[in-house]
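Asks: Next one to model:
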Amino acid sequence: MALDNPNGGSIFVGKIAAASTEIAATEVLDTVPTPILVADLNSRQIKYANKAGRGELGLSATQIGTERLSDKLMNSKDVRDLALVMDRVGWDAGRVWQVESHIGLKRHYRIRTCFIGNQSERHVVLEFCRYG
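Replies: Prediction:
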């Protein structure tokens, strides 16, 4: 999850010493204090939310896998712009996105994105960090 770019950063850095020691990505992401979502840009569905994401963004277990980003967190234009940049550029090199949630409390977020897994599946990691 580290970005090797002058404008990039990392959510966390870790090393597993023994091949037999396996840690599920969800276990690691659940310890990160900021809300993190995995979304499918093909369907716009939220596929995963860490503990902070479920709590702070108000996502229930039944919403994961059925709720769309534009239903819960962003307006459809923000989701479309995100998808267009990811399709044209691939990696966004740590670009910061600012959106205002249109459901619930009006708050601003910085969103860090990167494709994960098979790019044809178009899964993207979004980290929501509150600011000022």
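Asks: So residue 38 sits against residue 127, correct?
Replies: No - using Cβ atoms under 8 Å, residue 38 makes no contact with residue 127, being 10.6 Å away. Every C-beta, even on glycine, is put in place using the N, C-alpha and C of the backbone.
Asks: Pull out the buried residues from the longest helix that the chain contains.
Replies: Assignment by DSSP state H gives helix 76-89 as the longest helix of the chain. Within helix 76-89, the residues scored as buried using 16 or more other Cβ atoms under 10 Å are 78-79, 82-83, 86.
Asks: mind listing what residue 68 touches?
Replies: Neighbour list for residue 68: 43-46 [criterion: Cβ atoms under 8 Å, 6 or more residues apart in numbering].
Asks: Is it correct that residue 38 falls within a helix?
Replies: No - counting by DSSP: H, G, I helix; E, B strand; the rest coil, residue 38 is not found in a helix; it is strand.
Asks: Check which helix or strand the nearest residue to it once chain neighbours are set aside maps to.
Replies: In this structure, residue 38 finds its nearest non-sequential neighbour in residue 48, 4.0 Å apart by Cβ to Cβ, 6 or more residues apart in numbering. Using DSSP states H and E, the element containing residue 48 is strand 45-49.
Asks: Just the buried residues of that strand, please?
Replies: 45-46, 48-49.
Asks: Quote the end-to-end distance of stretch 33-42.
Replies: 27 Å (Cα to Cα, to the nearest Å).
Asks: Tell me which stretches of this structure form helices.
Replies: 25-29, 51-56, 69-72, 76-89.
Asks: one step back: which helices and strands sit right next to the longest helix of the chain?
Replies: In this structure, helix 76-89 packs against helix 69-72, strand 97-100, with contacts taken as 3 or more Cβ pairs under 8 Å, 6 or more residues apart in numbering; DSSP states H and E.
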